[in-house]
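*Asks:* give the three-dimensional model of this entry:
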Amino acid sequence: MSTPAHRVRPLLALLALPATASYAQAQVDSPPQSEPSPEARAAAKERFLRGLSSAKAGEWASALPEFVESARLFPTRAALNNVALSLSNLGRNVEAISAYDEVLRRFGASIDAGELSSLRATREELMTRVGELAVESEPGGASVSWNGREVGVTPLAPILVDTGMHTIEVSKPGHVTFKKTFSVAAKQLLTVQATLGTQGAEGNIAARPARGGPAPAGPAALRETGHAYFELMGGLALASSFGGGADASCDESVADPTDPTSGNRPACSDRSRPFGLFAGARGGYAVTSHLGVELFLGYLSVHESLVRRLALKANADATTLYSGRYEDSAKIRGPVTALSVSYALLRDFPVVARAWVGLTVVNVSTSNFGSYVATEGDPEPQSRSVPEADQRAWIPFVGPEIQVGYPLGKKLQLGLSLAAFVAFAPETPRAGTSEGRRLFTSVSPLGTFVLPREDALGTFVVFVPNVWLRAGF
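*Replies:* Next up is the predicted model:
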């Protein structure tokens with residue numbers, strides 16, 4: 001659908017006009033509005049031919065002033081068309097639209113139906129590449145500057161603006177100026193509402209579809225440049241293992257000395273993978289309409305348990321204790337802090353990729369319990385649990401996240417995400433509370449037994465599927 005003429009500000013005097021898919025190469029013999037002098041016609045033709053030469057070489061920045069000067073000296077349809085074409089190839093689509101309007105105004109009555117339809121279709125295609133801007137203020141009558149150029153006073157009816165990053169200033173004598181830099185998307189109508197006070201100025205930017213385009217939901221609407229946002233998230237923490245000694249033992253085999261016919265068996269008979277919760281809050285700042293920098297604070301709690309087969313030898317003795325059900329567990333819990341960089345992948349739908357780098361300081365708790373049988377001597381089973389000392393571990397981590405959301409309103413989104421973190425745990429040797437060793441003495445005179453030397457943690461990967469809620473400011 002066409003945009004009313006009052007919404008397209010005439011910029012021909014500023015050398016701003018639109019373009020088609022190919023530049024016109026017609027001679028400068030179209031009928032002008034008023035007959036120029038022979039000298040002006042000759043100069044216009046010379047400038048026109050220079051412009052054609054630059055255009056053929058793809059040098060649109062050089063071609064534009066030549067076509068503009070040719071159109072000024074002798075405003076032919078070919079010259080005006082080529083002004084429009086140059087502008088569109090330079091990405092100055094709003095000015096290109098103005099140029100096509102000038103072509104239609106001057107020559108529309110003399111253009112055949114087929115070419116007239118093509119020109120209008122080209123103009124409409126350019127309209128899909130631009131956005132619109134409306135400005136309101138309290139108090140009214142404020143001057144509106146767009147990228148340093150004054151474009152009117154408030155209330156300012158919608159005007160066409162090119163896509164990309166722009167700066168607006170709304171000012172009035174005796175009041176603080178409202179200034180904001182933000183991104184404009186195609187087919188998007190942005191309404192700026194500025195409140196100018198004597199001590200400060202504030203405002204907000206609302207986005208909605210323009211000319212029937214898709215709703216500008218998601219990061220483009222929520223994360224204008226210079227805006228902050230806040231996010232709550234919570235979900236599961238899942239891992240294949242903690243990467244410690246207990247997990248490594250599951251790749252081994254153990255013979256049951258109480259049953260020589262059984263042969264070697266897997267060292268782990270039952271296993272619960274690390275499972276827990278990951279939750280926190282994130283604050284971010286939109287550096288551009290796509291790029292954000294963020295700080296996260298949260299909490300992590302993950303638990304793992306497994307049942308092992310374990311054979312122990314007494315000190316300086318071949319006597320063996322065997323446990324077919326040695327229960328082993330580990331739990332980590334503690335605060336998490338991280339920095340992240342996020343990037344909005346799509347303009348019209350909130351899909352965000354994020355890279356994390358962070359640190360968690362966790363308390364590592366481990367425990368053990370086994371029912372042991374001596375292979376010789378006392379046949380009675382004996383149950384033992386060696387108390388283990390908790391320890392603190394500083395664990396750095398890195399990883400990516402992909403986030404998909406659904407807009408609940410102009411400033412609110414709800415969504416799902418999946419993160420994967422590689423955690424680089426330091427050495428965490430499991431130690432008893434007595435003498436630092438995990439040892440116990442048999443109830444019968446079989447000697448003292450020491451549990452294997454193992455680290456509680458190693459390098460491991462945690463997957464975090466989660467739900468999040470974000471609010472923009």
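*Asks:* tell me where the stretch 51-200 of the chain has helices.
*Replies:* Here the stretch 51-200 of the chain has its helices, by DSSP state H, counting those that start in this stretch, at 60-73, 77-89, 93-107, 113-127.
*Asks:* could those helices go into JSON lines alongside mean pLDDT, mean neighbour count and distance to Leu49?
*Replies:* (Each C-beta comes from the backbone N, C-alpha and C, glycine too.) Output for the helices of the stretch 51-200 of the chain, formatted as JSON lines (pLDDT from 0 to 100; neighbours: other C-beta atoms under 10 Å; distance: least, C-beta to C-beta, whole Å):
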{"stretch": "helix 60-73", "mean pLDDT": "89", "mean neighbour count": "22", "distance to Leu49": "8"}
{"stretch": "helix 77-89", "mean pLDDT": "88", "mean neighbour count": "27", "distance to Leu49": "11"}
{"stretch": "helix 93-107", "mean pLDDT": "88", "mean neighbour count": "24", "distance to Leu49": "20"}
{"stretch": "helix 113-127", "mean pLDDT": "85", "mean neighbour count": "15", "distance to Leu49": "23"}
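*Asks:* which stretch among these comes nearest Asn368?
*Replies:* Closest to Asn368 of these is helix 93-107 (C-beta to C-beta; 70.8 Å).
*Asks:* re earlier: now the helices of the stretch 51-200 of the chain as TSV including distance to Glu231?
*Replies:* TSV is the format used below for these (distance: least, C-beta to C-beta, whole Å):
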stretch	distance to Glu231
helix 60-73	43
helix 77-89	40
helix 93-107	35
helix 113-127	36
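*Asks:* of those, which is nearest Gly370?
*Replies:* Nearest of the helices of the stretch 51-200 of the chain to Gly370, taken as C-beta to C-beta: helix 93-107 at 75.5 Å.
*Asks:* output that closest one in CSV with nothing but the alpha carbons.
*Replies:* Provided in CSV are the C-alpha atoms of helix 93-107 (Å, rounded to 0.1, in the frame of the first residue of the first chain):
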residue,chain,number,x,y,z
ASN,A,93,16.4,4.6,0.2
VAL,A,94,14.3,7.4,1.7
GLU,A,95,15.9,9.9,-0.7
ALA,A,96,15.5,7.5,-3.5
ILE,A,97,11.8,7.3,-2.8
SER,A,98,11.6,11.1,-2.9
ALA,A,99,13.4,11.1,-6.3
TYR,A,100,10.9,8.6,-7.7
ASP,A,101,8.1,10.9,-6.4
GLU,A,102,9.7,13.7,-8.3
VAL,A,103,9.8,11.6,-11.5
LEU,A,104,6.1,10.7,-11.2
ARG,A,105,5.2,14.3,-10.4
ARG,A,106,7.0,15.8,-13.4
PHE,A,107,6.5,13.0,-16.0
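*Asks:* so which elements touch it?
*Replies:* helix 77-89, helix 113-127, strand 130-138, strand 156-162 (3 or more C-beta pairs under 8 Å, 6 or more residues apart in numbering; DSSP states H and E).
*Asks:* what residues of the shortest one count as buried?
*Replies:* For strand 156-162, burial by neighbour count (16 or more other C-beta atoms under 10 Å) applies to 156, 158-162.
*Asks:* of all these, which comes closest to Ala248?
*Replies:* Once C-beta to C-beta is applied, the member of the buried residues of strand 156-162 that ends up nearest Ala248 is Asp162, at 60.2 Å.
*Asks:* wait, isn't that closest one in contact with Ala96?
*Replies:* No: Asp162 lies out of contact with Ala96 (C-beta atoms under 8 Å); the separation is 9.7 Å.
*Asks:* select, out of the helices of the stretch 51-200 of the chain, the one closest to Phe397.
*Replies:* Nearest to Phe397, of all the helices of the stretch 51-200 of the chain, is helix 93-107, at 45.3 Å by C-beta to C-beta.
*Asks:* so that closest one versus helix 60-73, what angle?
*Replies:* 30 degrees (axes from the mean of the first three to the mean of the last three C-alpha atoms, to 10 degrees).
*Asks:* and the angle from helix 93-107 to strand 130-138?
*Replies:* Helix 93-107 and strand 130-138 are oriented at 100 degrees to each other (the same axes, to 10 degrees).
*Asks:* gap between helix 93-107 and the chain center?
*Replies:* The chain centre lies 38 Å from the centre of helix 93-107; the measure is C-alpha atoms, centre = their mean, to the nearest Å.
*Asks:* ok, now stretch 149-164?
*Replies:* 29 Å.
*Asks:* could you work out the end-to-end span of that stretch for me?
*Replies:* Length of stretch 149-164, first residue to last, C-alpha to C-alpha, to the nearest Å: 16 Å.
*Asks:* now do it, average pLDDT.
*Replies:* For stretch 149-164, mean pLDDT rounds to 89.
*Asks:* can you check stretch 252-262 too?
*Replies:* 73.
*Asks:* contacts for that stretch?
*Replies:* Contact with stretch 252-262 is made by 263-267, 309-311, 320, 322, 324, 373, 375, as judged by C-beta atoms under 8 Å, 6 or more residues apart in numbering.
*Asks:* C-alpha coordinates for the helix or strand hosting Val362, CSV please?
*Replies:* If you go by DSSP states H and E, Val362 is part of strand 351-374. C-alpha atoms of strand 351-374 as CSV (Å, rounded to 0.1, in the frame of the first residue of the first chain):
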residue,chain,number,x,y,z
VAL,A,351,16.7,-15.8,19.0
VAL,A,352,19.9,-15.0,20.9
ALA,A,353,23.3,-16.7,20.9
ARG,A,354,25.4,-16.2,24.0
ALA,A,355,29.0,-16.9,25.1
TRP,A,356,29.8,-17.3,28.8
VAL,A,357,32.9,-17.1,30.9
GLY,A,358,32.5,-17.5,34.6
LEU,A,359,33.5,-18.9,37.9
THR,A,360,31.7,-20.9,40.5
VAL,A,361,33.1,-21.3,44.1
VAL,A,362,31.6,-24.6,45.4
ASN,A,363,31.6,-26.6,48.5
VAL,A,364,32.5,-30.2,47.6
SER,A,365,30.9,-32.9,49.9
THR,A,366,31.7,-36.5,49.4
SER,A,367,30.6,-39.6,51.4
ASN,A,368,31.1,-43.4,51.3
PHE,A,369,29.5,-46.5,52.8
GLY,A,370,30.3,-50.1,52.2
SER,A,371,29.4,-53.6,53.5
TYR,A,372,32.7,-55.6,53.4
VAL,A,373,33.4,-59.3,53.6
ALA,A,374,36.9,-60.7,54.4
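*Asks:* that one - what's its average pLDDT?
*Replies:* When pLDDT is averaged over strand 351-374, the result is 91.
*Asks:* what does stretch 235-246 give?
*Replies:* 90.
*Asks:* and the residue nearest to the spatial centre of the chain, what pLDDT?
*Replies:* The centroid of the chain falls nearest to Tyr343 when counting by C-alpha atoms, centre = their mean (2.6 Å). Predicted confidence (pLDDT) for Tyr343: 87.
*Asks:* quick check, it in contact with Leu291.
*Replies:* Yes: with contact defined as C-beta under 8 Å, Tyr343 reaches Leu291; the gap is 5.7 Å.
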